[in-house]
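Colleague: A predicted structure for the sequence below; I have some questions about it.
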Amino acid sequence: ALWVALVLKFDRLDPSLERTAAYFLVALSASIVIFSMLGLYRAIIRFMGPRSMLTVVTGVTLSVAVVVVFDRFLSNPAAVPLSAFAIFWALALLYAIGSRFLVRYMFSQSLNGKSAARVAIYGAGDAGARLSSVLLGGPDFEPVAFVDDKKSLQGSSINGLTVFGLDVLP
């Protein structure tokens, strides 16, 4: 992510910084240490939720902050513009969260080689939303829609599932 950020910022495939290898070493070691301390390597991808994503955001932010501190205080003069670090932060966040969701998706698709039973959830309130989260995390059921009598909820989306009224079901 740091290399891509530098390429995008400097418009060169070989960003010529005075201590380029040191930047990559600091970014890599800071990320490994911080992600380990936050427990991101122990997280079970299948059950990652919003709290885990907040931990990923925290880990990426702290890792980028370490590299910024290295650039601003230990590199003389500061060689990388702050906008490159903003790009680095966004890309690292995308890589960290995206890779976890990709693995989670691949895991849910290939689990035991059997297809999950497609289900509709009646009730799009808090309990229905929680139920869909639980079912999406397991291999046995695949929620495909919500059904609710409340007109104000119909047509909306909860956890990526559309809410329908009883009248549109066969």
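Modeller: Great, that's in hand.
Colleague: From now on I want contacts and neighbour counts done on CA atoms only, so please keep to that.
Modeller: OK.
Colleague: And the contacts of stretch 117-131?
Modeller: Outside stretch 117-131, the residues within contact range by CA atoms under 8 Å, 6 or more residues apart in numbering are 132, 140-149, 153, 158-159, 163.
Colleague: from the chain's centre, how far out does that stretch sit?
Modeller: From the chain centre to the centre of stretch 117-131 is a distance of 24 Å (CA atoms, centre = their mean, to the nearest Å).
Colleague: Span of that stretch from start to end?
Modeller: Start-to-end span of stretch 117-131 (CA to CA, to the nearest Å) is 15 Å.
Colleague: what do you get for stretch 60-79?
Modeller: 21 Å.
Colleague: what pLDDT, on average, does it get?
Modeller: Averaging pLDDT along stretch 60-79 yields 87.
Colleague: buried stuff in that stretch?
Modeller: 60-68, 70-72, 75 (16 or more other CA atoms under 10 Å).
Colleague: Make a markdown table out of those and add distance to residue 24.
Modeller: Shown next, in a markdown table, are these (distance: CA to CA, whole Å):
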| residue | distance to residue 24 |
| --- | --- |
| 60 | 14 |
| 61 | 16 |
| 62 | 15 |
| 63 | 12 |
| 64 | 11 |
| 65 | 14 |
| 66 | 12 |
| 67 | 9 |
| 68 | 12 |
| 70 | 11 |
| 71 | 11 |
| 72 | 15 |
| 75 | 13 |
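Colleague: Much appreciated, bye for now.
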